[in-house]
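Enquirer: quick one: sequence plus predicted model below, questions after.
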Amino acid sequence: MPHIVVDKVKDVKFPVKVDEVNFLFRADDLIGVQTENAKFLIKVLKKDNGYLVKYDKITRPLISEIKKAYKAFVKLNEAKILFENIEGIKEKIPNKNLLDITSDLSGIDIVEVGFGSGRHLIHLAKTYPDKIILGIEIHKPSIEQVLKRCIHENIDNIRIINHDARIILSKIPSNRLHSIYVHFPVPWDKKPHRRVINEDFISESVRVLQKDGFLHLRTDSDNYFEYSFSEFMKFPKVDLKVKKNIPYEVSSKYEDRWKKMQKDIYDIYMINHEISEELNENFDFSFECRLENLDFEPKIYENFVIHIEKIFKIDDKRELIRATIGNFNRPEHIYILNQEKPEYFKKPAPIKENYLAHMKLKGLFNGCTGRG
Ligand SMILES: C[S@@+](CC[C@H](N)C(=O)[O-])C[C@H]1O[C@@H](n2cnc3c(N)ncnc32)[C@H](O)[C@@H]1O
């Protein structure tokens, strides 16, 4: 984990701005940071030999933003770096192609889920220069590598989101996509609930694909092939094509590895013939009143969960709440800045289960009740 150790931390008054970095507040050992491209938390921990400064995993932005924050933190505290395990704090990674969960996804034509080294994503961008390709990936180093390639190779029709693909699809308008690619997904044989392909994902894929658009799954796992095939078969009106050991236009790093091991490779094409209803969901994630009487008991409802995990004090009027909310199988970690009019420091994705959890949260801990 990239971190630094500094010799001293001064008693500063927040908020304070250093270069392009805003330090918003301090909540116990967490500091709220805002840069031009990201809002996140860093942690400052007292150690024998100084202060360890590291990033918070839940709100972690790209390494370039963390580096900016570390650099500004050092300057703010007029500190000396005793140790660092990141090279050149000055390095800048261009990220104009990087979107986030709140971005408008109505212009996307093609989606690739879990692009890894990005060979196929870049192949798509070059094959379809007039289409906008969205790569969705949870592994940050892969993202940084592909963003760099986009710059070096002058590719401007790739967009990237660092998030769980199962959540992002539900943000894409209906009947929009030409195709969706899921190549060599992690089989998760011991944790099947983590698989990308599942009933919800297929249902969302059918909704976002144009009529005659397709989803292409390519896998080396017999298990994953059989499991996915049976999931696709649950849908009454999809057209499925299956192929085995047919060479593909481009071979990914994983595919090269499996071919050397002489593994079988399976393709499933799911072709959509339906026209789906348009999405009509305008979720409002605002709060009207401070949240009061919070408790740490996990609450499980039919479609979602709410678990307040920890509360960090900022000052007499404000606190930072860390919680997990949303879909039972893929809940999201969020932070809420609890104050007179609370706001999310890390917003949940705008999907139904998160919205239901948000509304329930407001109802359960409504600080306005009883104020007349
Ligand atoms: C086995 S690798 C395959 C990478 C690439 N498609 C290839 O063929 O070389 C699976 C990739 O999917 C990503 N991944 C796993 N679960 C994901 C999810 N829920 N959403 C987005 N990406 C995911 C992983 O980080 C990893 O890069």
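Expert: Ah, there it is. Numbers count the residues shown, from 1 in each chain.

Enquirer: name the surrounding residues that touch stretch 336-346.
Expert: By C-beta atoms under 8 Å, 6 or more residues apart in numbering, the residues outside stretch 336-346 that reach it are 25, 32, 39-41, 58-59, 285-291, 311, 314, 317-321, 323, 333-335. No exception for glycine: its C-beta is placed from N, CA and C like everyone else's.

Enquirer: what does the stretch 151-300 of the chain put close to the ligand?
Expert: The interface of the stretch 151-300 of the chain toward the ligand, taken as C-beta under 6 Å from any ligand atom, is made up of 164-166, 183-186, 196, 252-255.

Enquirer: adding pLDDT, write these out as CSV.
Expert: Formatted as CSV, those follow (pLDDT from 0 to 100):
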residue, pLDDT
Asp164, 89
Ala165, 93
Arg166, 88
His183, 97
Phe184, 96
Pro185, 97
Val186, 95
Val196, 96
Ser252, 87
Lys253, 83
Tyr254, 85
Glu255, 89
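
Enquirer: which of those residues fall within strands?
Expert: Among these, the members found in strands (DSSP state E) are His183.

Enquirer: weed out the non-buried ones from the residues of the stretch 151-300 of the chain next to the ligand.
Expert: 164-166, 183-185, 196, 252, 254-255 (16 or more other C-beta atoms under 10 Å).

Enquirer: can you give me the strands in the stretch 201-350 of the chain?
Expert: Taking DSSP state E, counting those that start in this stretch as the criterion, the stretch 201-350 of the chain contains strands spanning 209-219, 239-244, 266-271, 299-300, 305-313, 319-326, 332-338, 343-346.

Enquirer: what sits against the residue nearest to Glu204 when sequence neighbours are not counted?
Expert: Distances taken as C-beta to C-beta, 6 or more residues apart in numbering place Leu169 nearest to Glu204, at 4.2 Å, with adjacent residues excluded. Leu169 sits next to 111, 180, 201, 204-205, 208 when contact means C-beta under 8 Å, 6+ apart.

Enquirer: again with Lys43
Expert: Under the criterion of C-beta under 8 Å, 6+ apart, the contact list for Lys43 reads 29-31, 52-56.

Enquirer: reformat the contacts of Leu169 as TSV; add pLDDT, distance to Phe83 and neighbour count.
Expert: Compiled in TSV, the contacts of Leu169 are given as follows (pLDDT from 0 to 100; distance: C-beta to C-beta, whole Å; neighbours: other C-beta atoms under 10 Å):
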residue	pLDDT	distance to Phe83	neighbour count
Val111	98	41	29
Ile180	98	44	26
Phe201	94	43	21
Glu204	92	45	23
Ser205	96	47	25
Val208	96	47	24
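
Enquirer: outline the domain layout of the protein.
Expert: Structurally, the chain divides into domains by automatic domain parsing as follows: 3-84, 98-271, 299-364.

Enquirer: export the ones you listed to TSV and tack on distance to Glu277?
Expert: Rendered in TSV, the data for the domains of the chain read as follows (distance: least, C-beta to C-beta, whole Å):
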stretch	distance to Glu277
domain 3-84	34
domain 98-271	6
domain 299-364	14
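
Enquirer: nearest to Glu281, of those domains?
Expert: When the domains of the chain are compared by C-beta to C-beta, domain 299-364 sits nearest Glu281, at 6.9 Å.

Enquirer: can you give me how far that closest one is from the chain middle?
Expert: Domain 299-364 sits 16 Å away from the centroid of its parent chain (C-alpha atoms, centre = their mean, to the nearest Å).

Enquirer: let me see the mean pLDDT of that domain.
Expert: The pLDDT scores in domain 299-364 average 92.

Enquirer: any idea how far apart the tips of that domain sit?
Expert: Terminal residues of domain 299-364 lie 11 Å apart, using C-alpha to C-alpha, to the nearest Å.

Enquirer: same question for stretch 339-354.
Expert: By C-alpha to C-alpha, the extent of stretch 339-354 from end to end equals 21 Å.
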